[in-house]
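Sequence and predicted structure below; questions after.
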Amino acid sequence: MGVSNTDSDKTQEEEQQDLPKVVLLRPPPAFSLIGEESFASNKFQFLKTYDSQLPLDQFLSTHSHSIKAILSSAGAPVNADILQLLPEVGLVVTTSAGLNHVDIPECRRRGIKIANAGHVYSDDVADLAVGLLIDVLRKVSASDRYVRQGLWADKGNYPHGSKLGGKRTGIVGLGNIGYEVAKRLEAFGCVVSYNSRKKKPYVSYPFYHNVCELAANCDALIICCGLSDETRHMINKPVLSALGKEGFIVNIGRGDIIDEKEMVSCLMRGEIAGAGLDVFENEPNVRKEFFAMDNVVLSPHRAVFTPESLKDLSQLVVGNLEAFLSNKPLLSEYVDNE
Ligand SMILES: O=CC(=O)O
């Protein structure tokens, strides 16, 4: 007896084939950290370009009419070349807070919405920013190395660090993350001021329109802004000189916001006091000069990766994709000039 293939008889595989497709250009780091299954949904199906033997443009052209959204991550560019191959795409979701890998003007031109990691990482990144500042001020990692190398008994105490409380700290970029850093530093007794694209009406911290002036009035700068044409190398020689030889810098934004070559020279010449860095210009290749500097604390772009936040991230990503596919408001839509 023949079997009729009605909708209700569809195999699970056939049903999956009918689902709207979300394309992945690269596996997001979160997949290996908390498992790809955390991002699964019965409302869409992932299409992985990296599982195919086809060249990227051929793969995208082949599936162009079923791909409705892109799931991207930091470092996997979503550029005009890719978008033009995918005329049905209406949403780019990224697992990162930063959006410097997404061609935002091109998305706008094509009416494509963008959703990022929203607030899910803000606490973790702020914690790490303050951790790096405490580490570089109090020489936590450097004195750990000193003890492990057996130098305490031979040479005596490691040089003292500097107190966090009372420090004048300048937040560069008072978005979600910058605001969380500010709250934490206030709780530690620091004096907080900031630079941002615009003065924020909801805070009373002093605002500096000019980042050089902020640096001149601070003991530490904490870089919390996103990377854009405007902020690339915003922390340059004049800003570092304004910060001065007693000044510290922490970067949890993007490496390219600081002119790293200038920062290295300033550190080598003692023109700034130290740095705590989670991000670098040429990741994962870090300038070797840093390795010999005891006044620099290095971290491998890990500020966001706690399992707790990644779990929240997976819910946000799935929520954004499902909302988009059912014409509902996105959970963390990126709006220009926030
Ligand atoms: O750097 C990490 C992010 O932007 O989420």
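Looks like it arrived, so ask away. The structure presented is a predicted model; accordingly, all values stated were derived computationally and were not measured.

Can you tell me the SS state at residue 154?
Recorded secondary structure, residue 154: helix (DSSP: H, G, I helix; E, B strand; the rest coil).

for residue 47, same thing?
The assignment at residue 47 comes out as strand when based on three-state DSSP.

bridging residues for it?
Counting by DSSP bridges, residue 47 is bridged to residue 23.

was I right about it contacting residue 62?
No - with contacts defined as Cβ atoms under 8 Å, residue 47 does not count as touching residue 62, sitting 9.9 Å away. Bear in mind the C-beta positions are built from the backbone N, C-alpha and C, glycine included.

who's more crowded, these two?
residue 47 (19 against 14; other Cβ atoms under 10 Å).

Quick one: residues contacting the more buried one.
Listed by Cβ atoms under 8 Å, 6 or more residues apart in numbering, the contact partners of residue 47 are 21, 22, 23, 24, 63, 66, 67.

Go through those and name the one nearest residue 256.
Using Cβ to Cβ, residue 24 comes nearest to residue 256 of the contacts of residue 47, at 25.0 Å.

could you point out the longest helix in this protein?
Among the segments of the chain that qualify as a helix by DSSP state H, the longest is helix 307-325.

So which elements touch the helix-or-strand element of the chain with minimal mean pLDDT?
Lowest on mean pLDDT, DSSP states H and E among the helices and strands of the chain sits helix 12-18, with a mean of 74. Taking 3 or more Cβ pairs under 8 Å, 6 or more residues apart in numbering; DSSP states H and E as contact, there are no helices or strands that helix 12-18 lies on.

before we move on, the earlier item: for the record, mean pLDDT for the longest helix of the chain?
Here helix 307-325 scores 97 as its mean pLDDT.

In that helix, which residues are buried?
For helix 307-325, a neighbour-count test (16 or more other Cβ atoms under 10 Å) marks 309-310, 313-314, 316-321, 323-325 as buried.

what do you get for stretch 18-29?
Applying 16+ other Cβ under 10 Å to stretch 18-29 flags 19, 21, 22, 23, 24, 25, 26, 27, 28, 29 as buried.

can you give me the helices in the stretch 151-300 of the chain?
Secondary structure of the stretch 151-300 of the chain by DSSP state H, counting those that start in this stretch: the helices cover 151-155, 176-187, 211-216, 237-243, 260-268.

what are the C-alpha coordinates of the longest one, in PDB please?
Taking Å, rounded to 0.1, in the frame of the first residue of the first chain, the C-alpha atoms of helix 176-187 are listed here in PDB:
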ATOM      1  CA  ASN A 176      25.900  50.000  29.400                       C
ATOM      2  CA  ILE A 177      29.400  48.700  30.100                       C
ATOM      3  CA  GLY A 178      30.900  52.100  30.900                       C
ATOM      4  CA  TYR A 179      28.100  52.800  33.300                       C
ATOM      5  CA  GLU A 180      28.600  49.500  35.100                       C
ATOM      6  CA  VAL A 181      32.300  50.300  35.400                       C
ATOM      7  CA  ALA A 182      31.500  53.800  36.800                       C
ATOM      8  CA  LYS A 183      29.100  52.300  39.500                       C
ATOM      9  CA  ARG A 184      31.800  49.900  40.600                       C
ATOM     10  CA  LEU A 185      34.600  52.500  40.700                       C
ATOM     11  CA  GLU A 186      32.300  54.800  42.700                       C
ATOM     12  CA  ALA A 187      31.800  52.000  45.200                       C
END
